[in-house]
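Trainee: Give me a 3D structure for the following:
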Amino acid sequence: MFNLIDKLKQNDKEAIAILYQKYGQKLFGYAITQWKVNEDDAWELVYKTLYKVIASLDNYSFKDENRFVGFVFKVFTNYLRNHLRDTKDKRILTEELFDNMNITMPDESNEALDENESPMMRCLKKVLATLEDWQRVLVLMKAQDFSYKDIAPYVDKPEKQLKVYNLRLRSTVSKNTNLCIENKGYEE
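Mentor: Residues are numbered from 1 along each chain as shown. Okay, here's the model as predicted:
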């Protein structure tokens, strides 16, 4: 074990590979199962951890392998905590947006819709239900005057393309809602 740490301090590529093989998959699995982090973020955090461990080895000494493993794990959990703290406020579910706008989506069982709703609202809900989640989030957040910069993290799309997506989606939603109304595609 101490041989591995010495090699890591010398930036030996073989030692870095051994470190990754020994701990990478375990850390990844821990992030996915225990912290419910998505795969891309989990791998990013694993790599950050391993590079941080390598960069900070000169500042620490370890009595045995267990202490070194504990150090690796502590660095990883700190990165996990930071990641969750940073992303907690950015995550939003489509359902939360609907709740905030007092819109309820018809479910797959086609339960009866609220009888007090206008035909236009019924059609709008049907059209929104056909969109992908990221498209609904984009349309609804933009309708609430969020900037494209604020919306980008939620939809996982490039900020520069969101304006085009939004314009197309607004056109599609408007067209399909009007078609629905014309064809009486709502339940009376």
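Trainee: which stretches of this protein form strands?
Mentor: In the chain, no segments count as strands under DSSP state E.
Trainee: which stretches of it have low pLDDT?
Mentor: Scanning the chain with the threshold set as pLDDT under 70 gives 1-2, 88-116, 185-188.
Trainee: can you give me the helices for it?
Mentor: All helices of the chain, identified by DSSP state H, fall at 2-9, 13-34, 39-56, 65-88, 94-100, 119-130, 133-143, 148-155, 159-182.
Trainee: Show me what the fourth one is in contact with.
Mentor: This points to helix 65-88. 1, 5, 23, 27, 30-31, 35, 37, 41, 45-46, 48-50, 52-53, 56, 60, 62 (C-beta atoms under 8 Å, 6 or more residues apart in numbering). C-betas here are computed from N, CA, C, even on glycine.
Trainee: Give the buried subset of those as a PyMOL selection command.
Mentor: Only the buried entries of the contacts of helix 65-88 go into this PyMOL selection, using 16 or more other C-beta atoms under 10 Å:
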select buried, resi 5+23+27+30+31+35+37+41+45+46+49+50+53
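Trainee: Return the most buried member of the helices of the chain.
Mentor: Comparing the helices of the chain by mean neighbour count (mean count of other C-beta atoms under 10 Å), helix 133-143 comes out on top with a mean of 19.
Trainee: thinking in terms of the whole chain, how far from its middle is that one?
Mentor: In this view, helix 133-143 has its centroid 15 Å away from the chain centroid, taken as C-alpha atoms, centre = their mean, to the nearest Å.
Trainee: same question, stretch 130-148
Mentor: 15 Å.
Trainee: And the closest residue in space to residue 20 that isn't next to it in sequence, how close does it get to residue 39?
Mentor: In space, and not counting its chain neighbours, residue 20 is closest to residue 50: 6.1 Å by C-beta to C-beta, 6 or more residues apart in numbering. Noted for residue 50: a distance of 17 Å to residue 39, by C-beta to C-beta, to the nearest Å.
Trainee: Check residue 132 too.
Mentor: 20 Å.
Trainee: circling back: so the residue nearest to residue 20 touches residue 24, yeah?
Mentor: Yes: contact criterion C-beta atoms under 8 Å: residue 50 and residue 24 qualify, at 6.9 Å.
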